[in-house]
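**Student:** I would like to see how this sequence folds:
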Amino acid sequence: MIRISSLVHVYDQGRSLKFPDWEIGDMEQWLLLGASGSGKSTLLNIIAGLLKPGQGEVLINGTDLYALSARERDSFRGKHIGIVFQKPHLIRSLDVLDNLELAAVMAGLPVDHERNLSLLADLGISELAKNYPDQLSQGQLQRVSVARALVNKPDLLIADEPTSSLDDENASQVIRMLAIRAKDNGAALLIATHDARVRDHFTKTYLL
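**Tutor:** Residues are numbered from 1 along each chain as shown. The predicted structure is shown next:
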């Protein structure tokens, strides 16, 4: 499913960071663990096709992400990778449902209105479908971000600290939702976290 090999990222200051080789099988669920500043977000961005490494390769279903042009990589990501960022990055002028449906439009995929409503219901926020991002709490914004990442039924679901702003009950709900939806979609799941509450849900870990 996913293989990274000989990856090196070079920062602007000249410091370089080398990542251990890693293989993630179909539908496997992994935690990416490491102290603050260890490079977790950098590695996630490389795997997601958002940050070109100084050297090395990222293969997803046999496709070498960085052999693609920037436009081809954007298209591939939209169709095959769902991302939950640390910050929501929602369009403030669009309501919650429109933000979800924009994800499908941008990927050139059909909009499934009923499925999108179902995603919101699964996360306990169906009543917020017509609300705007500025009207939501931080926890609600995070759950909308999870729903948006699942819209296009991705092959790979990536989450960067998805529980950092959630209380215990909602954190557990989001982790279960990510795990179940990834499995239902036949997707691999990769979560970067320092949240101790998340670790009990997973058996596979990659440590930086």
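**Student:** quick check: residue 44 vs residue 109, distance?
**Tutor:** 23 Å (CB to CB, to the nearest Å). C-beta: built from backbone N, CA, C; applies to glycine.
**Student:** what's in contact with the lengthiest strand in the chain?
**Tutor:** Ranked by residue count, the top strand of the chain under DSSP state E comes out as strand 2-10. If you take CB atoms under 8 Å, 6 or more residues apart in numbering as the criterion, strand 2-10 is touched by 16-19, 21-24, 39, 42-43, 46-47, 51, 53-60, 156, 188.
**Student:** please point out which parts of it sit buried.
**Tutor:** Buried residues in strand 2-10, counted by 16 or more other CB atoms under 10 Å: 2, 4, 7, 9.
**Student:** equivalent analysis for stretch 194-206, please.
**Tutor:** Neighbour counts over stretch 194-206 (16+ other CB under 10 Å) mark 195, 198, 202, 206 as buried.
**Student:** same question for it, mean pLDDT?
**Tutor:** In this model, stretch 194-206 has an average pLDDT of 86.
**Student:** what does that stretch contact?
**Tutor:** Identification of contacts with stretch 194-206 by CB under 8 Å, 6+ apart yields 20, 22, 28-36, 161, 163-164, 168, 171-172, 175-176, 179, 191, 193.
**Student:** also stretch 179-190?
**Tutor:** With CB under 8 Å, 6+ apart as the test, stretch 179-190 has contacts from 1-2, 24-30, 32, 44, 47, 82, 122, 150, 153-159, 178, 201.
**Student:** those, buried ones only, as a ChimeraX selection?
**Tutor:** Buried subset of these, written as a ChimeraX selection, criterion 16+ other CB under 10 Å:
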select :1,2,24,28,29,30,32,44,47,82,122,150,153,154,155,156,157,158,159,178
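**Student:** in helices, which of the contacts of stretch 179-190 fall?
**Tutor:** Mapping those onto helices (DSSP state H) picks out 44, 47, 122, 150, 178.
**Student:** just the residues you listed now: which is nearest residue 89?
**Tutor:** Looking at those and their distance to residue 89, the nearest is residue 44, at 14.1 Å (CB to CB).
**Student:** so who does that closest one touch?
**Tutor:** Residue 44 makes contact with 32, 158, 160, 190, 192 under the criterion CB under 8 Å, 6+ apart.
**Student:** adding distance to residue 97, write these out as a markdown table.
**Tutor:** Listed next are the contacts of residue 44 as a markdown table, based on distance: CB to CB, whole Å:
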| residue | distance to residue 97 |
| --- | --- |
| 32 | 31 |
| 158 | 23 |
| 160 | 24 |
| 190 | 27 |
| 192 | 28 |
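**Student:** for those, which one is nearest residue 68?
**Tutor:** For the contacts of residue 44, the minimum distance to residue 68 (CB to CB) is 17.6 Å, reached by residue 158.
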